[in-house]
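Asks: I'll drop the sequence and a predicted model, then ask my questions.
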2 protein chains.
Amino acid sequence: MPSAPSARDRVLDAFENILITQGERTATLDAVAAEAGVSKGGLLYHFGSKDALVEGLIDRLGALVVDDLTNIRTAPAGVVDYFLRSSVNTESPLDRAIIAATRLAQGSQPKAQEALKSMQRAWFDVVNEAVGDEAVARTIMLVSDGLYYNSALLPTALSETSNRALANMDELVAMVSRLTR
Amino acid sequence: MPSAPSARDRVLDAFENILITQGERTATLDAVAAEAGVSKGGLLYHFGSKDALVEGLIDRLGALVVDDLTNIRTAPAGVVDYFLRSSVNTESPLDRAIIAATRLAQGSQPKAQEALKSMQRAWFDVVNEAVGDEAVARTIMLVSDGLYYNSALLPTALSETSNRALANMDELVAMVSRLTR
DNA sequence: GTCTATAGGACGATAGAC
DNA sequence: GTCTATCGTCCTATAGAC
C-alpha cells in the first residue's frame, strides 16, 4: 500500500529516475533534491553524503532481489520461462533498481558492481538447478543479459533486437527450450 | 603502423580510456587532457567543445565498424562463429570504441545511442543473411549482447557468466549451433 | 525534519602569449 | 599547434535558523 511514500523513499525514487533517464552525470544532489521535491539540506538529512545515497539505492536493490528469487523459484510456468520473460524492462521497482545500479556500476562504484555480480550469481544458481546443465544455464543467462542490455541499457534506444524479441517472447522461449532437450 | 599517434588521436585514446575505466563522470576535459599529455587549451584546439570530442569518438567507432563488417562476412570459420567469438571484450580498438560509446549512450547522448543502434542493425543483417532464420538470428544477437554486457559493461566485474563463457567459447558456439539445425 | 546561505573546489570554455 | 590564466557556473558538503 504505497499511500504516501516517505521523504526518504521519494529521494531514492528521484535518484533512480534521473540515473535511468539522464545518466550518472546528471544525477547530482541538486537535481535529485529538486526531483524529490525537497531542498538539498533536506536530502542531506536523510542521506549524509552522496556515497550514502548510493548505498541506499544498493540496499533497496538487495531487498528487491530477495523477493524476486522467491518469485522465480515458485513461478507456475517454470523457472526458465519466468526468468526470461522477466528479463525485459517492465519498469517494475526491481527493473528500475537494476538499471540505476548498472549506471552507477559503470562509474567505477565498486559496491554497485558487487551487488549486480551477486544478483547474477544467485540467478544463475536457480536457473542451473532448474535445467540441470551448466552449459545450457550459461547460455540462458547470456540471453537474459542480452535482453536487459537491449531493453534497459540503451535508454531510449528501442533497439531492433529487443523490440523484435519483445514482440516474439513466445518464440524466444521456444527457441531456448530447444537447448534443454 | 602506429609509430607516433597524432595529438588528436592521443586525445581520443585518452577519452576512451577514462570512459572505460572510470565512467562518464570522470571523463572531464581536464582529466582527458592530462591523460593525453596535453593542456586543456591544446585539447580544445583539436576538439572545440566537449560535444565535438564526443562526435570524434563516434566517428572513430563508425570507421571501425565498417572494417569489422567485412571481417565478419569473410571469416573462414563462418559468420556466426566469428561473430560470437568477437563478442567478448578483447581490448581491440573496436571493442574499446564500443564500450566508450556505451558509456556515453547511458548519459543521454542521442548520437552515441544512434551509432550503437545502427551498428547492431548492421550486425543483425549479416547474421540473419548467414543463418536464414530471423528467430535464430535474433537469439544469436541476444547471446552476443549478453557476452558484451558481461565482459565489457561491468568494468572490473569479471562476472561469473562471462568468465565461464570465455573459458567455454567452443561449448557456447556448439550450443548456439543447435539452434541452426 | 526541512529550510537558506555559503564555503571551497571542479567544470566547460575563452583570450591571448609564444 | 600548444601553452597559461582566467571567467562564470555548477558541484558536494557544512552551518545554523526555524
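Replies: Alright, I've got the coordinates.
Asks: my read: residue A:15 touches residue A:28, true?
Replies: No - using Cβ atoms under 8 Å, residue A:15 is not in contact with residue A:28; the gap is 10.3 Å. Backbone N, C-alpha and C define where each C-beta goes, glycine included.
Asks: Got the domain ranges for chain A?
Replies: With domains defined by automatic domain parsing, chain A comprises A:1-48, A:61-180.
Asks: For these, give me a markdown table that also has distance to chain B.
Replies: Listed next are the domains of chain A as a markdown table, based on distance: least, Cβ to the nearest Cβ, whole Å:
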| stretch | distance to chain B |
| --- | --- |
| domain A:1-48 | 3 |
| domain A:61-180 | 3 |
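Asks: Would you mind finding the most buried of these?
Replies: domain A:61-180 (a mean of 19; mean count of other Cβ atoms under 10 Å in any protein chain shown).
Asks: what's the span of that domain, first residue to last?
Replies: Domain A:61-180 has its terminal residues 31 Å apart, counting by Cα to Cα, to the nearest Å.
Asks: Check stretch A:35-45 too.
Replies: Note: stretch A:35-45 ends 16 Å apart using Cα to Cα.
Asks: What lies in contact with that stretch?
Replies: A:7, A:10-11, A:13-15, A:17-18, A:29-30, A:32-33, A:53 (Cβ atoms under 8 Å, 6 or more residues apart in numbering or on different chains).
Asks: Among these, which ones lie close to DNA strand C?
Replies: A:7, A:33 (Cβ under 7 Å from any atom of the strand).
Asks: which one of the contacts of stretch A:35-45 is nearest residue B:111?
Replies: Nearest to residue B:111 among those: residue A:18, at 20.7 Å, using Cβ to Cβ.
Asks: what separates the closest residue to the closest one other than its chain neighbours from residue A:105, distance-wise?
Replies: Excluding the flanking residues, the one nearest residue A:18 by Cβ to Cβ, 6 or more residues apart in numbering or on different chains is residue A:27, at 4.4 Å. For residue A:27, the distance to residue A:105 (Cβ to Cβ, to the nearest Å) stands at 13 Å.
Asks: Going along the chain from the helix or strand of chain A with the lowest mean pLDDT, find the next helix or strand for me.
Replies: The helix or strand of chain A with the poorest confidence is helix A:160-167; it has a mean of 66 (mean pLDDT, DSSP states H and E). Using DSSP states H and E, the helix or strand that follows helix A:160-167 towards the C-terminus is helix A:169-180.
Asks: what's that next one in contact with?
Replies: So helix A:169-180 is contacted by A:80-81, A:84-85, A:88, A:131, A:133, A:136, A:139-140, A:143, A:165, B:135-136, B:138-139, B:142, B:175, B:178-179 (Cβ under 8 Å, 6+ apart).
Asks: Take the contacts of stretch A:35-45 and keep only those in helices.
Replies: Using DSSP state H, A:7, A:10-11, A:13-15, A:17-18, A:29-30, A:32-33, A:53 are the members of those that sit in helices.
Asks: In chain A, where is pLDDT below threshold?
Replies: Chain A contains residues with pLDDT under 70 at A:1-3, A:155-165.
Asks: Spatially central, which residue of it would that be?
Replies: With distances taken as Cα atoms, centre = their mean, the residue of chain A nearest its centroid is residue A:98 (2.1 Å).
Asks: My guess is that residue contacts residue A:62. True?
Replies: No - look at residue A:98 against residue A:62 with Cβ under 8 Å: they stay out of range, at 11.3 Å.
Asks: I would like the residues contacting stretch A:85-98, please.
Replies: If you take Cβ under 8 Å, 6+ apart as the criterion, stretch A:85-98 is touched by A:16, A:20, A:57, A:60-61, A:64-65, A:67-68, A:71-72, A:99, A:116, A:119, A:143-145, A:147-148, A:151-152, A:162, A:165-166, A:169, A:173.
Asks: Between the two ends of that stretch, what distance do you get?
Replies: End-to-end distance of stretch A:85-98: 16 Å, with Cα to Cα as the criterion.
Asks: Sounds good, over and out.
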